[in-house]
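A.B. asks: here are the coordinates; sequence isn't available:
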C-alpha cells in the first residue's frame, strides 16, 4: 500500500467516524428532552473530525503530487 493509499484510508476511517457522530447528533436533536451540552460536544467532535479529514486529504494530495 502506498503512502497516498494510507492517507486516503485514514481519511475514509475518519469519515466513517464523522458519519457515526452525525447520526448521534440527529438522535440528540430528535430527543424529547434535548441535551444541549451533549449536542455541543458532538458538534465539537464533528468539527475536529472534519479538520482531521481535511489534513489527511491534503497529505494524500501532496504525496500524490510528489510521486514520480
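C.D. replies: Sure, I can see it. Keep in mind the model is a prediction, meaning the values are calculated, not measured.
A.B. asks: Which residue ranges of the chain form helices?
C.D. replies: Ranges of helices in the chain, per DSSP state H, are 3-30, 36-66.
A.B. asks: Same list (these) but as a markdown table, adding mean pLDDT and mean neighbour count.
C.D. replies: To be clear about C-beta, it is placed using only N, CA and C from the backbone, and glycine gets the same treatment. As requested, the helices of the chain are exported to a markdown table (pLDDT from 0 to 100; neighbours: other C-beta atoms under 10 Å):
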| stretch | mean pLDDT | mean neighbour count |
| --- | --- | --- |
| helix 3-30 | 97 | 14 |
| helix 36-66 | 97 | 14 |
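A.B. asks: Find the nearest non-adjacent residue to residue 35, please.
C.D. replies: residue 28 (6.1 Å; C-beta to C-beta, 6 or more residues apart in numbering).
A.B. asks: so the one you found touches residue 41, yeah?
C.D. replies: No - applying C-beta atoms under 8 Å, one finds residue 28 not in contact with residue 41, separated by 9.5 Å.
A.B. asks: I'd say residue 45 and residue 21 touch.
C.D. replies: Yes - Residue 45 lies in contact with residue 21 (C-beta under 8 Å); the separation is 5.3 Å.
A.B. asks: What's the separation between the residue nearest to residue 35 and residue 16?
C.D. replies: 19 Å (C-beta to C-beta, to the nearest Å).
A.B. asks: ditto for residue 49
C.D. replies: Taken as C-beta to C-beta, the span from residue 49 to residue 16 is 10 Å.
A.B. asks: Overlap in contacts, the two.
C.D. replies: Shared contacts of residue 49 and residue 16 (C-beta atoms under 8 Å, 6 or more residues apart in numbering): none.
A.B. asks: Closest to the centroid, which residue in the protein?
C.D. replies: residue 49 (3.4 Å; C-alpha atoms, centre = their mean).
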